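Asks: the sequence isn't on hand, but the structure is:
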């Protein structure tokens, strides 16, 4: 069956876009993770064929974007990993409306919007993810969120139907949408921005970049903020107050620069990171009675 799966995937997306045993460490910002049994990078036309083939043959199918909020187990991922990336990254601007395919990087969209004199998306310029993934989790930073600018989503349903949905139908809230629950695959998104003064836009983007560089451990692989913000608290402060700043397990460490980040110091395994996150959760719960919920999604075999 494995040879048949490979051959059919090659037929659907093209042989050079199908890999066997591809290390997921190459496709996650934590830079850890075992091999994907099959790894494919479809374009918009071939994506429905991949998902339909997997469904018809009961093959596990995992859709990922830029891998910026994923922790993949050292045991890898069974079935097919579908990366929505460079082959689905077109960005179009028409007046104040920005339309971007799901694989477009947030940084690229912000840069193109700024070049067109559009404001409202500066908050996303430094988020290391794609816009499809940003919609799934209603990504945000520095007071801005996807729900502030998102107007419409084009999705592929579990049954292979193409649908256009108004943003309200996605029920965007803090780090949440109904996209995973409905098992939608995001294909394209539309944003409504505003006309602005280009120099001011670039200045604000530079200001936010400086904040990130000065406060976040960008020199190390990570998944950004490791835990969601608990109501009434800040995860990083709770972790620091619990005495965990700089605490490590194997190659994983609570950042000494920002305690809200768990980082890969260079030789971490996924298990190192998972166990460190568990220790942080347990310690904070014991000391303060606050449950930290991961912002990171766990995939694959641990």
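Replies: Yes, it's here. Remember, predicted model here, so these are calculated numbers, not experimental data.
Asks: residue ranges with poor pLDDT in the chain?
Replies: 1 (pLDDT under 70).
Asks: helices along that one, start to end?
Replies: Secondary structure of the chain (DSSP state H): helices at 2-13, 47-56, 106-115, 131-136, 179-182, 198-215, 235-241, 270-288.
Asks: next, format those as a markdown table and append mean neighbour count and distance to residue 158.
Replies: All C-beta spots, glycine's among them, are computed from the backbone N, C-alpha and C. Output for the helices of the chain, formatted as a markdown table (neighbours: other CB atoms under 10 Å; distance: least, CB to CB, whole Å):
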| stretch | mean neighbour count | distance to residue 158 |
| --- | --- | --- |
| helix 2-13 | 15 | 18 |
| helix 47-56 | 18 | 7 |
| helix 106-115 | 20 | 26 |
| helix 131-136 | 27 | 15 |
| helix 179-182 | 14 | 8 |
| helix 198-215 | 14 | 36 |
| helix 235-241 | 19 | 33 |
| helix 270-288 | 18 | 28 |
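Asks: could you dump those into CSV with distance to residue 161 added?
Replies: Formatted as CSV, the helices of the chain follow (distance: least, CB to CB, whole Å):
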stretch, distance to residue 161
helix 2-13, 18
helix 47-56, 9
helix 106-115, 26
helix 131-136, 18
helix 179-182, 12
helix 198-215, 38
helix 235-241, 38
helix 270-288, 35
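Asks: okay, now residue 74: neighbour count?
Replies: 18 (other CB atoms under 10 Å).
Asks: that one: what's it in contact with?
Replies: Residue 74 makes contacts with 32, 33, 34, 269, 270, 271, 301, 302, as judged by CB atoms under 8 Å, 6 or more residues apart in numbering.
Asks: ok, for the last one, nearest residue in space, not its chain neighbours?
Replies: Sequence neighbours aside, residue 73 is the residue nearest to residue 302 in space, at 3.8 Å (criterion: CB to CB, 6 or more residues apart in numbering).
Asks: does that neighbour touch residue 300 like I think?
Replies: Yes: if you go by CB atoms under 8 Å, residue 73 and residue 300 touch, sitting 3.8 Å apart.
Asks: can you list residues touching both of these two?
Replies: Common neighbours of residue 73 and residue 300 (CB under 8 Å, 6+ apart) are 33, 34, 270.
Asks: so can I have CSV of the residues you listed showing distance to residue 149?
Replies: Shown next, in CSV, are the shared contacts of residue 73 and residue 300 (distance: CB to CB, whole Å):
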residue, distance to residue 149
33, 31
34, 36
270, 33
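Asks: residue 250: which of these is nearest?
Replies: residue 270 (10.3 Å; CB to CB).
Asks: related to what we said a few turns ago, ok, the residue nearest to residue 302 - contacts?
Replies: 33, 34, 270, 271, 274, 298, 299, 300, 301, 302.
Asks: sorry, back to before: which of the contacts of residue 74 are buried?
Replies: Among those, those classed as buried by 16 or more other CB atoms under 10 Å are 32, 33, 34, 269, 270, 271.
Asks: which one of those sits closest to residue 48?
Replies: Using CB to CB, the buried ones among the contacts of residue 74 come closest to residue 48 at residue 33, 26.3 Å.
Asks: my guess is the closest one contacts residue 301, does it?
Replies: No: counting by CB under 8 Å, residue 33 does not reach residue 301; the two are 10.0 Å apart.
Asks: who touches both of those two?
Replies: Common neighbours of residue 33 and residue 301 (CB under 8 Å, 6+ apart) are 73, 74, 76, 77.
Asks: now these as CSV including distance to residue 149?
Replies: Formatted as CSV, the shared contacts of residue 33 and residue 301 follow (distance: CB to CB, whole Å):
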residue, distance to residue 149
73, 34
74, 37
76, 36
77, 32
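Asks: report the two of the residues you listed separated the most.
Replies: Greatest spatial distance among those (CB to CB): 74 and 77, at 11.0 Å.
Asks: anything in contact with each of those two?
Replies: 33, 34, 301.
Asks: just give the nearest non-adjacent residue to the last one, would you?
Replies: By that I understand residue 301. Closest residue to residue 301 apart from its sequence neighbours, by CB to CB, 6+ apart: residue 75 at 3.0 Å.
Asks: for that neighbour, give its distance to residue 203.
Replies: Taking CB to CB, to the nearest Å as the measure, residue 75 falls 47 Å from residue 203.
Asks: tell me where the stretch 101-250 of the chain has strands.
Replies: For the stretch 101-250 of the chain, the strands defined by DSSP state E, counting those that start in this stretch cover 118-119, 140-141, 144-145, 150-156, 162-166, 185-192, 194-195, 248-249.
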